[in-house]
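[1] Requesting a structural model of the entry that follows:
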Amino acid sequence: MNELEVVKALGALAQETRLKLFRLLVVAGPKGLTPGHMAETLGASPTALSFHLKELSHAGLVNSTRDGRQLIYRAEFTVMNSLLSFLTSQCCEGQPCLDTTLVECTTCV
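    Residues are numbered from 1 along each chain as shown. Just a heads-up that it's a prediction; the model follows:
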């Protein structure tokens, strides 16, 4: 992940509703969520939800697939993990200090 991608991802997450939305999708895991479920859970209007999902999608943090008439949104766990790796890559003067076994989720990637 390069610095421009990191800035774009962090910018997308630097808004309260988008952060809540992304965390909701992370909790949902690979099965994802429909916009209706997300709007109901967050108490957001469909228009606002659409705007925020577009911002997260443009930053590469979420994707969507069609399942019949429904759209299913999912967090991009690979991008999320790349972002975390970028942010911690020089942690502790370049020494490994993060136990990656606690961070990796084999279900999500």
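[2] contact partners of stretch 22-40?
    13, 21, 41-42, 44-46, 49-50, 53, 56, 61-62, 65, 70-75, 77, 80, 107-108 (CB atoms under 8 Å, 6 or more residues apart in numbering). For glycine as for every other residue, the C-beta is placed from the backbone atoms N, C-alpha and C.
[3] Would you mind measuring the gap between the ends of it?
    Stretch 22-40 has an end-to-end distance of 15 Å (criterion: CA to CA, to the nearest Å).
[4] Give me the mean pLDDT for it.
    In this model, stretch 22-40 has a mean pLDDT of 97.
[5] Check stretch 79-92 too.
    88.
[6] Alpha carbons of it, as CSV, please.
    The C-alpha coordinates for stretch 79-92 follow below in CSV (Å, rounded to 0.1, in the frame of the first residue of the first chain):
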residue,chain,number,x,y,z
VAL,A,79,-7.0,-3.6,2.2
MET,A,80,-7.8,-3.2,5.9
ASN,A,81,-4.8,-5.5,6.8
SER,A,82,-2.5,-3.6,4.4
LEU,A,83,-3.5,-0.3,6.0
LEU,A,84,-2.7,-1.7,9.5
SER,A,85,0.6,-3.1,8.2
PHE,A,86,1.5,0.2,6.7
LEU,A,87,0.7,2.1,9.9
THR,A,88,2.7,-0.3,12.1
SER,A,89,5.6,-1.2,9.7
GLN,A,90,8.1,1.1,11.5
CYS,A,91,6.8,0.4,14.9
CYS,A,92,9.4,0.1,17.7
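[7] Now it: buried residues?
    Val79, Met80, Asn81, Ser82, Leu83, Phe86 (16 or more other CB atoms under 10 Å).
[8] Next, the third one: secondary structure please.
    Meaning Asn81. Three-state assignment for Asn81 (DSSP: H, G, I helix; E, B strand; the rest coil): helix.
[9] Please enumerate the strands of this protein.
    Taking DSSP state E, the strands of the chain run over residues 62-67, 70-75.
[10] name the helices or strands packed onto the first one?
    When you say that, I think you mean strand 62-67. Counting by 3 or more CB pairs under 8 Å, 6 or more residues apart in numbering; DSSP states H and E, the packing neighbours recorded for strand 62-67 are helix 46-58, strand 70-75.
[11] highest average neighbour count across those?
    strand 70-75 (a mean of 18; mean count of other CB atoms under 10 Å).
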